[in-house]
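Participant: Have a look at this fold, sequence not included:
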């Protein structure tokens, strides 16, 4: 199996960017974009993002060596079911770009695997705040980490081929288990989103009379801490539910942390608050050693 | 009373920047820097930050028309007490740059007021992450909001003079009550700090075995959401304790918010999570209307 024809299902930010990236970096690969609505395909076509555009799922399925599911995680299973009979075992590899991996393997991977069709999960850590193909960029994946998960144990050769595919559009590939992936993204992406939203929400509670002051005094710290809370609510609600168990665990950790800070404040325990903050800085420094206090 | 001689107590980031700003924008004003340690005064002197440097508190006190307390809030009262007898009623105005205002008025303002000495609170919303005079900049206050609080009801003329002083170094002045100030900064600065620290702390709990993955996958969202947690722990522990009541209230709001998100997740309540996130975005947009989702 070589990758000559790629069908990207979902002409959104990620799907559109992948199409543009292939055009730029792998012009020998032909790209088909499938979408539910003519409208976004028209936009994609105006951008000359692909070689072929279709709203016909079997068309997209039969055409491809590689199928990339670039749709919300919740619609992946109905979509692959819609391709049943048009996907040929041993001829096609299916992957996705979903931001959770365990549930994708549990549903999509398993369903395909039972039918002898190869599935390997992908999560390119790129561009989640802006939405829609109009923001698509050929270099979106350049330098981005791409997590890959192989719960259905596809042969090494296929894993290597998919890794090479992501590398060819600039990705840095890392293999991991889907449960490790989901715990990590809960902590570095989904929980930060919930905390940023909490911070935005908390600003206005019991502050009706001083709204103008909030607005006037808010500076860079508030801006940065809350930035990701501007993401699309429906998309993030979905992501959090898809990663429900890890999100609940992460929220437990947070509630415990905030409760212990509250206790230290109530007790006027300066050294406890100081070491709580100190440890926070140290943990962040493990991730970004170059950032100075 | 005109402002000809300013004594800045505390040659740190804010004090040092104010000295440099006065030199640049108000060269007619003479500046004295007081510090506890010769060492930081030497650094200030190498930077030619002021006209005079002293470790003698009475010296700094008798010299000035305006005294700026640029030391941690907790040492302000001992410091003004150390100037007793050297501060002349009607001849000197005292202000500060502390990040809380109620406790400063309750302690420092009241103590001075009883002795007939004018005190007006100031909080320039500028530079809190980096520490020390080596990071001082003449333009630190340029465009920064300066909250001013006048709980001891100094005459309008003095308020206007202090406002003009802050404007001359680039500040945008806003009068408010100290309790309004403290509530607002709890929400837009102190709570964001606590949440950023919580986010950094939570990343590593139950994740010992996947530390390398955390590091590899952490992207811009985590970086921004946690940035302020790199502030100096002792300074922030102090600030949180000085604003204890408002911090406890803000933490209550947060715990309630996170608990309701947890409940919605447990119930698989998509529309509840979505509207919770939606409202977060809307509230942030009230503060930063120009930021797009």
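Facilitator: Everything's here; your move. From a predicted model like this one, the values you see are computed outputs, not experimental measurements. Residues are numbered from 1 along each chain as shown, chains lettered A, B, ... in the order given.
Participant: Just read off the phi/psi values of residue A:33.
Facilitator: phi -110, psi 120 (degrees, to the nearest 10).
Participant: Report the contact partners of it.
Facilitator: Residues near residue A:33 by Cβ atoms under 8 Å, 6 or more residues apart in numbering or on different chains: A:7-8, A:11, A:15-16, A:19, A:41, A:44, A:49-50, A:52-54. C-beta here means a position set from N, CA and C on the backbone, and glycine is covered the same way.
Participant: Kindly provide the distance from the closest residue to it other than its chain neighbours to chain B.
Facilitator: Residue nearest to residue A:33 in three dimensions, not counting chain neighbours: residue A:50, with 4.2 Å by Cβ to Cβ, 6 or more residues apart in numbering or on different chains. Residue A:50 is 26 Å from chain B, where distance means Cβ to the nearest Cβ, to the nearest Å.
Participant: Give me the neighbour count for residue A:50.
Facilitator: 26 (other Cβ atoms under 10 Å in any protein chain shown).
Participant: what kind of secondary structure is it in?
Facilitator: Following DSSP: H, G, I helix; E, B strand; the rest coil, we place residue A:50 in the coil state.
Participant: mind listing the helices for chain A?
Facilitator: A:13-25, A:38-46, A:57-63, A:76-82, A:102-104, A:110-114, A:156-168, A:178-185, A:191-203, A:211-217, A:220-226, A:233-242, A:244-266, A:270-287 (DSSP state H).
Participant: and among the ones you listed, the most buried is which?
Facilitator: helix A:191-203 (a mean of 28; mean count of other Cβ atoms under 10 Å in any protein chain shown).
Participant: So which elements touch that helix?
Facilitator: Using 3 or more Cβ pairs under 8 Å, 6 or more residues apart in numbering or on different chains; DSSP states H and E as the contact test, the elements touching helix A:191-203 are helix A:220-226, helix A:233-242, helix A:244-266, helix B:191-203, helix B:220-226, helix B:244-266, helix B:270-287.
Participant: 7 Å instead?
Facilitator: helix A:220-226, helix A:244-266, helix B:191-203, helix B:220-226, helix B:244-266, helix B:270-287 (3 or more Cβ pairs under 7 Å, 6 or more residues apart in numbering or on different chains; DSSP states H and E).
Participant: Skipping adjacent residues, who's closest to the residue nearest the centre of chain A in space?
Facilitator: The centroid of chain A falls nearest to residue A:99 when counting by Cα atoms, centre = their mean (3.1 Å). Leaving aside its sequence neighbours, residue A:99 sits nearest to residue A:239 (Cβ to Cβ, 6+ apart; 5.4 Å).
Participant: Now render the helices of chain A as JSON lines, adding mean pLDDT and distance to residue B:213.
Facilitator: Putting those into JSON lines (pLDDT from 0 to 100; distance: least, Cβ to Cβ, whole Å) gives the following:
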{"stretch": "helix A:13-25", "mean pLDDT": "97", "distance to residue B:213": "21"}
{"stretch": "helix A:38-46", "mean pLDDT": "93", "distance to residue B:213": "34"}
{"stretch": "helix A:57-63", "mean pLDDT": "95", "distance to residue B:213": "33"}
{"stretch": "helix A:76-82", "mean pLDDT": "97", "distance to residue B:213": "23"}
{"stretch": "helix A:102-104", "mean pLDDT": "96", "distance to residue B:213": "14"}
{"stretch": "helix A:110-114", "mean pLDDT": "97", "distance to residue B:213": "24"}
{"stretch": "helix A:156-168", "mean pLDDT": "97", "distance to residue B:213": "17"}
{"stretch": "helix A:178-185", "mean pLDDT": "96", "distance to residue B:213": "5"}
{"stretch": "helix A:191-203", "mean pLDDT": "96", "distance to residue B:213": "15"}
{"stretch": "helix A:211-217", "mean pLDDT": "89", "distance to residue B:213": "37"}
{"stretch": "helix A:220-226", "mean pLDDT": "89", "distance to residue B:213": "24"}
{"stretch": "helix A:233-242", "mean pLDDT": "94", "distance to residue B:213": "18"}
{"stretch": "helix A:244-266", "mean pLDDT": "97", "distance to residue B:213": "13"}
{"stretch": "helix A:270-287", "mean pLDDT": "94", "distance to residue B:213": "11"}
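Participant: Any chance of CSV for the ones you listed, columns distance to residue A:95?
Facilitator: As requested, the helices of chain A are exported to CSV (distance: least, Cβ to Cβ, whole Å):
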stretch, distance to residue A:95
helix A:13-25, 11
helix A:38-46, 20
helix A:57-63, 14
helix A:76-82, 11
helix A:102-104, 10
helix A:110-114, 11
helix A:156-168, 6
helix A:178-185, 13
helix A:191-203, 24
helix A:211-217, 45
helix A:220-226, 33
helix A:233-242, 17
helix A:244-266, 22
helix A:270-287, 27
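Participant: Out of those, flag the one nearest residue B:165.
Facilitator: Across those, residue B:165 has its closest neighbour in helix A:211-217 (19.4 Å, Cβ to Cβ).
Participant: Local confidence estimate at residue A:155?
Facilitator: We have a pLDDT of 96 for residue A:155.
Participant: Up against chain B, what does the stretch 1-150 of chain A have?
Facilitator: A:125, A:145, A:147 (Cβ under 7 Å from any Cβ of the partner chain).
Participant: who wins for most neighbours among these?
Facilitator: Most crowded among these, counting by other Cβ under 10 Å, is residue A:147 at 25 neighbours.
Participant: Surely that residue is in contact with residue A:172?
Facilitator: No. If you go by Cβ atoms under 7 Å, residue A:147 and residue A:172 don't touch, sitting 10.1 Å apart.
Participant: quick revisit: which of the residues of the stretch 1-150 of chain A next to chain B has the weakest pLDDT?
Facilitator: Within the residues of the stretch 1-150 of chain A next to chain B, lowest confidence goes to residue A:125 (90).
Participant: mind listing what it touches?
Facilitator: A:144-145, B:217, B:219 (Cβ atoms under 7 Å, 6 or more residues apart in numbering or on different chains).
Participant: Could you dump those into CSV and include distance to residue B:61?
Facilitator: Shown next, in CSV, are the contacts of residue A:125 (distance: Cβ to Cβ, whole Å):
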residue, distance to residue B:61
A:144, 58
A:145, 58
B:217, 55
B:219, 52
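Participant: which two from these end up farthest apart in space?
Facilitator: Largest pairwise distance in the contacts of residue A:125, by Cβ to Cβ, is 10.2 Å, between A:144 and B:217.
Participant: one step back: among the contacts of residue A:33, which one sits closest to chain B?
Facilitator: Nearest to chain B, judged by Cβ to the nearest Cβ, of these is residue A:16 at 17.4 Å.
Participant: show me what contacts the closest one?
Facilitator: Contacts of residue A:16 (Cβ under 7 Å, 6+ apart): A:44, A:49, A:133, A:136.
Participant: 10 Å instead, please
Facilitator: A:8, A:10, A:33, A:35, A:40, A:43-44, A:47, A:49-50, A:70, A:132-138, A:140 (Cβ atoms under 10 Å, 6 or more residues apart in numbering or on different chains).
Participant: What's the separation between it and residue A:38?
Facilitator: 15 Å (Cβ to Cβ, to the nearest Å).
Participant: Which one of the residues in the stretch 1-150 of chain A is closest to chain B?
Facilitator: For the stretch 1-150 of chain A, Cβ to the nearest Cβ, closest residue to chain B: residue A:125, 5.1 Å.
Participant: excluding its backbone neighbours, what's nearest that residue?
Facilitator: Per Cβ to Cβ, 6+ apart, closest to residue A:125 is residue A:145, 4.6 Å.
Participant: Beta-bridge partners for the one you found, please?
Facilitator: In this entry, residue A:145 is beta-bridged to residue A:172, by DSSP bridges.
Participant: my read: it touches residue B:214, true?
Facilitator: No. Using Cβ atoms under 10 Å, residue A:145 is not in contact with residue B:214; the gap is 11.5 Å.
Participant: Would you quantify the distance from residue A:190 to chain B?
Facilitator: From residue A:190 over to chain B (counting by Cβ to the nearest Cβ), the distance is 10 Å.
Participant: I'd say that residue and residue A:242 touch.
Facilitator: Yes. With contact defined as Cβ under 10 Å, residue A:190 counts as touching residue A:242 (9.4 Å).
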